[in-house]
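>>> Return atomic coordinates for the entry below.
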Amino acid sequence: MKIYHLSIQVIGTITLTIATLLSNSASLTGQTSRYLLSQLPKPPITGTPSGKSTPATTRPRITCQETDKPLTALFANNGRDFTVSEYPKFWFYIPYPSEEISYMEFLLLNGNERETIYHTAVKLKEQRGLIEIAIPAEPQYALKVNENYRWQFNLDCQPDSSAEPDLVVNGWVKRIPLNAQLANQLETVKPKQYSIYRAHFIWYDAIALLAELHFTEPENQEWQEAWANLLQSLDLEWVTPEPLADSELVPPKS
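Model prediction:
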């Protein structure tokens, strides 16, 4: 029988090689993500105006109870609130249960705020929490590329004769083109397109995608951490534990 003895130098070389291979493998995903982000086209120069992500009251006296967390729209409100969708989705935190709300509505207007593109009432069925409002995929509601749109969410706590809502949040959205390069980046990172959206200030789509992942796969730690990280970057970390509220879109008041 032949017995082979490896020198300490050889053993050390083998160990170092294995460690190097493991290190390279562990960092491959991070390197790929950084490469993909570095290949993104530059964001557009023109952006969106500022809005109000938390309530502005429209009357000196309102009927809403004070809450620890305010009515809130989930968006960046930093002049770079973009979407690549013809029919984007909007997310809001509703701080009141259904019995404390008499009426809620969402409006999407054109850039000069003279034309209503979409209008719907919103009904909360029970608990407070996060709701999604998706623009219906019908041609008359489609957002045009490179145009700004104004949206507004109104809430009344108690019925009264005033035409002015108790609480209002509003903002802007701009649809930017989905060119071939950006489309390729999104396809490459599926289902983590939110990383590309976020890097390119496509906030509405990043929020909508991560919210869907967060609520449909609550046991997925990666989605939960990504959701919390995104909200923290928007200074909305307090939204992280809030549940999805059961709501529906209904015809608005005539």
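
>>> Helices of the stretch 1-150 of the chain, start to end?
Using DSSP state H, counting those that start in this stretch, the helices of the stretch 1-150 of the chain run over 8-38.

>>> And the strands in it?
52-57, 72-73, 82-83, 89-94, 103-109, 116-124, 129-134, 148-156 (DSSP state E, counting those that start in this stretch).

>>> CA-only coordinates of stretch 82-100, as PDB, when you get a sec.
Output in PDB follows, covering the C-alpha atoms of stretch 82-100 (Å, rounded to 0.1, in the frame of the first residue of the first chain):
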ATOM      1  CA  PHE A  82     -43.000  57.400 -12.300                       C
ATOM      2  CA  THR A  83     -44.800  54.400 -13.700                       C
ATOM      3  CA  VAL A  84     -44.300  52.400 -16.800                       C
ATOM      4  CA  SER A  85     -47.800  51.100 -16.700                       C
ATOM      5  CA  GLU A  86     -50.800  52.300 -18.800                       C
ATOM      6  CA  TYR A  87     -53.000  51.400 -15.900                       C
ATOM      7  CA  PRO A  88     -51.000  51.900 -12.600                       C
ATOM      8  CA  LYS A  89     -52.000  51.000  -9.100                       C
ATOM      9  CA  PHE A  90     -52.100  53.300  -6.100                       C
ATOM     10  CA  TRP A  91     -51.800  52.300  -2.500                       C
ATOM     11  CA  PHE A  92     -53.300  54.100   0.600                       C
ATOM     12  CA  TYR A  93     -53.400  53.500   4.300                       C
ATOM     13  CA  ILE A  94     -56.800  54.000   5.800                       C
ATOM     14  CA  PRO A  95     -56.700  54.700   9.600                       C
ATOM     15  CA  TYR A  96     -60.500  54.300  10.200                       C
ATOM     16  CA  PRO A  97     -62.700  51.200  10.400                       C
ATOM     17  CA  SER A  98     -65.600  51.100   8.000                       C
ATOM     18  CA  GLU A  99     -68.200  52.300  10.600                       C
ATOM     19  CA  GLU A 100     -66.300  55.600  11.000                       C
END
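
>>> Just the buried positions in it, please.
82-86, 88-96, 100 (16 or more other C-beta atoms under 10 Å). Bear in mind the C-beta positions are built from the backbone N, C-alpha and C, glycine included.

>>> Compute the distance from the centre of it to the centre of its chain.
In terms of C-alpha atoms, centre = their mean, to the nearest Å, the centre of stretch 82-100 is found 10 Å from the chain centre.

>>> Please apply the same query to stretch 196-212.
5 Å.

>>> now do stretch 206-224
11 Å.

>>> Compute the first-to-last residue distance for it.
14 Å (C-alpha to C-alpha, to the nearest Å).

>>> Give the residue spans of the stretch 101-250 of the chain that score low on pLDDT.
In the prediction, the stretch 101-250 of the chain carries residues with pLDDT under 70 at positions 161.

>>> go with 90
126, 158-164 (pLDDT under 90).

>>> Please tell me how far Leu230 sits from Arg175.
Separation of Leu230 from Arg175 (C-beta to C-beta, to the nearest Å): 21 Å.

>>> For the two, indicate the residue with more neighbours.
Legend: neighbour count by other C-beta atoms under 10 Å for Leu230 and Arg175, higher for Leu230 (25 against 22).

>>> Assign the most centrally placed residue in the chain to helix, strand or coil.
Nearest to the mean C-alpha position of the chain, counting by C-alpha atoms, centre = their mean, stands Ile207 at 1.4 Å. When classified by DSSP: H, G, I helix; E, B strand; the rest coil, Ile207 comes out as helix.

>>> these two touch, right, it and Phe75?
Yes. Assessed by C-beta atoms under 8 Å, Ile207 is found in contact with Phe75 at 7.1 Å.
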